[in-house]
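In: When you get a sec, could you give me coordinates for this:
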Amino acid sequence: MRIIYQTEEGLAVIIPSGELDTNEVARKDVPEGVNYWIVEDNEVPSDRTFRDAWELNPIDLGTPDGQGIGAEAWFAEQPQEEEVVDENPS
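Out: Next up is the predicted model:
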């Protein structure tokens, strides 16, 4: 799966590593308020020669799969691990 979204410079493509759910990667790594689509690998051209000319066509892609919230907001949503204090240090 690939996550795609439009930037001022062209089409951005994110390849999730598999450590997080694809939707969570998209929410975190797509800028705040920007629509994104999750597509099959073969929907993104493999020839990167003219990558700067790639454009996203929302009509062909249909409804976005979501909107990014950005990394800062995503990390703020995550549960905080409590610090363990050793009351009997050696």
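In: Closest to the centroid, which residue in the protein?
Out: Ala26 (2.4 Å; CA atoms, centre = their mean).
In: Can you list phi and psi of it for me?
Out: phi -60, psi -50 (degrees, to the nearest 10).
In: thinking it is in contact with Val34, fair?
Out: No - with contact defined as CB atoms under 8 Å, Ala26 does not count as touching Val34 (9.8 Å). For the C-beta atoms, the positions are set from N, CA and C on the backbone; glycine is no exception.
In: okay, and the common contacts of the two?
Out: Gly68 (CB atoms under 8 Å, 6 or more residues apart in numbering).
In: the helices in the chain, which residues?
Out: Using DSSP state H, the helices assigned to the chain run over residues 22-29, 58-61, 71-77.
In: Out of those, which is the most enclosed?
Out: Mean neighbour count (mean count of other CB atoms under 10 Å) peaks for helix 22-29 among the helices of the chain, with a mean of 19.
In: Cool, thanks, signing off.
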